[in-house]
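Undergrad: Build me a model from this:
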Amino acid sequence: MIAYIKGKIAYKSRTKLIIETHGLGYEIEISLNTYNKIQSADEAQLLTVQIIREDAHTLYGFAEGDEKNMFEHLISVSGVGPNTARILLSALNPAEIRAAIIAEKETILRNAKGIGPKNAKRIILELKDKLLKDSGAESEQIAASLVADNPVREEALSALVALGFNKIQVQKTLNTLLKDSPQVRDSGDLIKMALGALT
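TA: Numbers count the residues shown, from 1 in each chain. Take a look at the predicted model:
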C-alpha cells in the first residue's frame, strides 16, 4: 500500500499529476480541490489511495487528509466508484459534502455530474450515521449553515452556466463567495462577484 508520494511535479493538469521521485514517475488522479491547493507548487506531497482492478492499477491523490477520508467514505457506498467520488470532490469540498449528507440535501449532491437521485439517496443513507459519529454534534451545526436552500446561489449558477462557464468551477466559486460574503442576497450582485473571480 502506498500511503503518500512526495516529489517533483513533472506534469500537472486539473485532473492528473505526475510526481517524480527517485527516478520514478507516478501518475496520480486528483480532484479540483487538490489541484487548487498545489497548482502553483513545483513539488508536492499527496496522500494516496490505490485502486486495483483487473485492467488497471490507479492512484488517487489528495492534498489533505479530510479529502482522502471523504473519498474513502464515498467509494464505500454501493454504486459509487472512484471517478464518481473524485467528480463529487471537485464540485464540493469535503466539508460541504459532509454537511449535505448530514442535512440530507440530495439536490446539492446531485449538482455533481454522475450523481443521480438513486446515488444521492444511497450516499445519504449509507454515510449519514458514520459521518455524524466521526464528527459529532458539530456537524449538525455545520450542515445547517452550509446547505440551507439558497435560491440566490441557484439563480447565479444557472446564469453563469448559460454564459458558458464550467458548472463545477462556477459551483466552487459561488461556494467560496457565499462563505466569505454570506450577506449577499441579490443574484445580480453574486453574478458580478463571480464574474470577477472567474475571469
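Undergrad: Quick one: neighbours of the closest residue in space to L32 that isn't next to it in sequence, just the number.
TA: Spatially, and ignoring its direct neighbours in sequence, L32 is nearest to S90 (3.8 Å; CB to CB, 6 or more residues apart in numbering). All C-beta atoms are positioned from the backbone trio N, CA, C, and that covers glycine. Counted with other CB atoms under 10 Å, the neighbours of S90 add up to 23.
Undergrad: likewise N111?
TA: Neighbour count of N111, defined by other CB under 10 Å: 18.
Undergrad: Surely it and S90 touch.
TA: No - judged on CB atoms under 8 Å, N111 makes no contact with S90 at a distance of 11.1 Å.
Undergrad: which element is the residue nearest to L32 on?
TA: According to DSSP states H and E, S90 maps onto helix 82-91.
Undergrad: list the buried ones in that helix?
TA: By neighbour count on 16 or more other CB atoms under 10 Å, the buried set for helix 82-91 is 82, 84-91.
Undergrad: my guess is the residue nearest to L32 meets N33, correct?
TA: Yes - in terms of CB under 8 Å, S90 counts as a neighbour of N33; the distance is 6.6 Å.
Undergrad: Enumerate every residue touching the closest residue in space to K113 that isn't next to it in sequence.
TA: Among residues not flanking K113 along the chain, I87 sits closest, at 5.5 Å (CB to CB, 6+ apart). By CB atoms under 8 Å, 6 or more residues apart in numbering, the contact set of I87 is 31, 112-115, 168.
Undergrad: and the gap between I87 and L74?
TA: Using CB to CB, to the nearest Å, we find I87 at a distance of 10 Å from L74.
Undergrad: and P182, that one's in a strand?
TA: No - under DSSP: H, G, I helix; E, B strand; the rest coil, P182 falls outside any strand and is assigned coil.
Undergrad: Tell me the spacing between the residue of the chain positioned farthest from its centre and K12.
TA: No residue in the chain sits farther from the centre than G23, which is 31.0 Å out by CA atoms, centre = their mean. Going from G23 to K12 by CB to CB gives 19 Å.
Undergrad: do the same with L74
TA: Computed as CB to CB, the L74 to K12 distance reads 24 Å.
Undergrad: Which one's more surrounded, these two?
TA: L74 (24 against 18).
Undergrad: Checking that one next. Helix, strand or coil?
TA: Relying on three-state DSSP, one would call L74 helix.
Undergrad: Leaving out chain neighbours, which residue sits closest to it?
TA: Closest residue to L74 apart from its sequence neighbours, by CB to CB, 6+ apart: A85 at 3.8 Å.
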